[in-house]
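> here is a sequence together with a model predicted from it:
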Amino acid sequence: MTGHLAVLGGGSPYTAALADAIADREPAVPPGSLVLAGRDPDALDAVGRYVRRRLAPLGWTTTWTTQARAALRGAGIVIHQIRYGGIAGRQRDEDLALACGLAADETLGPGALQAALRLRDPLDETCVALVQECPTAAVLNLTNPLSLTTARMIQAGVSRCIGLCELPRVTLEAAAAVLGEDPERACWAYAGLNHRGFIVRLEWDGVDRVPDLARRLGPETLNGIRADEIAALQAIPTKYFRLMLAEAPAHGQGRASFLTTLRARILEELRADPGRSPPSLRARDTAWYPRAVVPAIEALRSRRPVDREINVLAPSGVVEEGRARIDTAGAGPLLPARAPAPVEVWLAAFRDHERCLLEALERPSLSSVRRALEADPLVPAAKAEACARLVWACRQDEASVGAA
């Protein structure tokens, strides 16, 4: 693959963890040119100086710019990690979910729908720049809500866009730890949508270990999922599945406030000592870089196909998450993953909901928002109408502020 590596949203202090992950995989990821693009010049400078010092000894050249198109021009691989609306937008999404009496989450539920409505138009502008400046680039999308943003990008002509998430592999590693097995030796299959997926096959040496996992857990849980729930599904869901099983209490502050403070602290540490990995970076798990992003970059530069977990447009018409083969030609279709009957019921509901979300994004209105929330397995039926009115009111408020 030719062209440089570009990072949209490169001024995020967590980009320091990307540099660390690349360095940790050396020499599997050969050196090249890295260009960071961000909107905050001060933050971008602090991050850029660290990344340059971290990767220069390995042969990388690092530059940064506030001009996204300049960063994209001629890129071979693009990491898209822009947080549209910033951390203040995440705070509003979490507050909305709490007002609905649901978990404060930006990736699922009414908070995710509000986030998707907010980023709709600016994301389309980003896609225009991607298509014009680097039409053949592989685009690794990290922006939440992941399945929706990936679908919008593909629809906008970013044909080589794939969504990346670490949760499938993190779930595999957690299950392997309980079983005392090496996750790299596992024969496994995964099916679902982002944050709504399941390991539907897990074998070592030809032996199905899902029943054994449920037995070994006993009274403990796997990322909050009980043994009886795994046994009933005949599969292993990711941690977010627990939100589908019971109404979340309307308390807590979400993570936006914590992340605001953490961001400022990491930037202070980067400015004080650009030659040292910021200690506060360890306060947030950034497993998406070593578990998903860097392995995908490695695979895209490899002539030998590698199986990785990705989000791509599926025959169902929505973006689904699963395993696929990746090499220099890009990502292939999702590998077959036969789901047990109890999982298929959930997958059908998730796909129907996703179609309603895409319709709400394409034709935003109170009625389309209502239909999306009525189809959401996370939202109790009795709350769908009130949640829809809250989402639409927030949408109208943000639109009026933007127009002012």
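Received the coordinates, thanks.
> which residues touch the residue nearest to A129 when sequence neighbours are not counted?
Spatial nearest neighbour of A129, excluding adjacent residues (C-beta to C-beta, 6 or more residues apart in numbering): R69 at 5.2 Å. Every residue, glycine included, has its C-beta placed from N, CA and C. Contacts for R69 (C-beta atoms under 8 Å, 6 or more residues apart in numbering) come out as 129, 132-133.
> got a pLDDT number for R69?
Looking at R69, its pLDDT stands at 98.
> which of the contacts of R69 sits closest to A341?
Of all the contacts of R69, the one sitting nearest A341 is A129; the distance, using C-beta to C-beta, is 44.6 Å.
> and the helices in the stretch 101-250 of the chain, which stretches?
Taking DSSP state H, counting those that start in this stretch as the test, the helices found in the stretch 101-250 of the chain are 109-133, 146-155, 167-179, 210-217, 227-233, 242-245.
> how close does P315 get to L334?
As judged by C-beta to C-beta, to the nearest Å, P315 and L334 stand 9 Å apart.
> of those two, who's got more company?
L334 (22 against 8; other C-beta atoms under 10 Å).
> of all the helices of the stretch 101-250 of the chain, which lies closest to C100?
helix 109-133 (5.2 Å).
> against which helices or strands is that closest one packed?
helix 68-72, strand 77-80, helix 86-99, helix 146-155, helix 341-362, helix 366-374, helix 384-403 (3 or more C-beta pairs under 8 Å, 6 or more residues apart in numbering; DSSP states H and E).
> what angle separates the last one from helix 341-362?
Taking axes from the mean of the first three to the mean of the last three C-alpha atoms, to 10 degrees, one finds helix 384-403 and helix 341-362 inclined to each other by 40 degrees.
> ok, P295 - contacts?
Shown in contact with P295 (C-beta under 8 Å, 6+ apart): 25, 306, 308.
> if we go to 10 Å?
Residues near P295 by C-beta atoms under 10 Å, 6 or more residues apart in numbering: 21, 25, 28-29, 164, 166, 169, 289, 306, 308-309, 326.
> how much space between it and Y190?
The spacing between P295 and Y190, counted by C-beta to C-beta, is 15 Å.
> where does pLDDT dip in the stretch 1-150 of the chain?
Applying pLDDT under 70 to the stretch 1-150 of the chain flags residues 1.
> can you lay out the helices and strands packed on helix 109-133 as CSV showing distance to D42?
Listed next are these as CSV, based on distance: least, C-beta to C-beta, whole Å:
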stretch, distance to D42
helix 68-72, 17
strand 77-80, 21
helix 86-99, 15
helix 146-155, 27
helix 341-362, 33
helix 366-374, 37
helix 384-403, 24
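> and those: which comes nearest I199?
Nearest to I199, of the helices and strands packed on helix 109-133 and by C-beta to C-beta, is helix 341-362 at 9.9 Å.
> can I get the CA coordinates of the closest one in PDB?
Coordinates of each C-alpha in helix 341-362 appear next as PDB, following Å, rounded to 0.1, in the frame of the first residue of the first chain:
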ATOM      1  CA  ALA A 341     -31.200 -19.700  17.600                       C
ATOM      2  CA  PRO A 342     -31.400 -17.500  20.800                       C
ATOM      3  CA  VAL A 343     -28.700 -15.200  19.300                       C
ATOM      4  CA  GLU A 344     -30.500 -15.000  16.000                       C
ATOM      5  CA  VAL A 345     -33.500 -13.500  17.700                       C
ATOM      6  CA  TRP A 346     -31.400 -10.700  19.100                       C
ATOM      7  CA  LEU A 347     -29.600 -10.200  15.800                       C
ATOM      8  CA  ALA A 348     -32.900  -9.800  14.000                       C
ATOM      9  CA  ALA A 349     -34.000  -7.100  16.500                       C
ATOM     10  CA  PHE A 350     -30.600  -5.300  16.200                       C
ATOM     11  CA  ARG A 351     -30.800  -5.200  12.400                       C
ATOM     12  CA  ASP A 352     -34.300  -3.900  12.400                       C
ATOM     13  CA  HIS A 353     -33.400  -1.200  14.900                       C
ATOM     14  CA  GLU A 354     -30.300  -0.300  12.800                       C
ATOM     15  CA  ARG A 355     -32.500   0.200   9.700                       C
ATOM     16  CA  CYS A 356     -34.700   2.500  11.700                       C
ATOM     17  CA  LEU A 357     -31.700   4.500  12.900                       C
ATOM     18  CA  LEU A 358     -30.500   4.900   9.300                       C
ATOM     19  CA  GLU A 359     -33.900   6.100   8.200                       C
ATOM     20  CA  ALA A 360     -33.900   8.600  11.100                       C
ATOM     21  CA  LEU A 361     -30.500   9.900   9.900                       C
ATOM     22  CA  GLU A 362     -31.500  10.000   6.300                       C
END
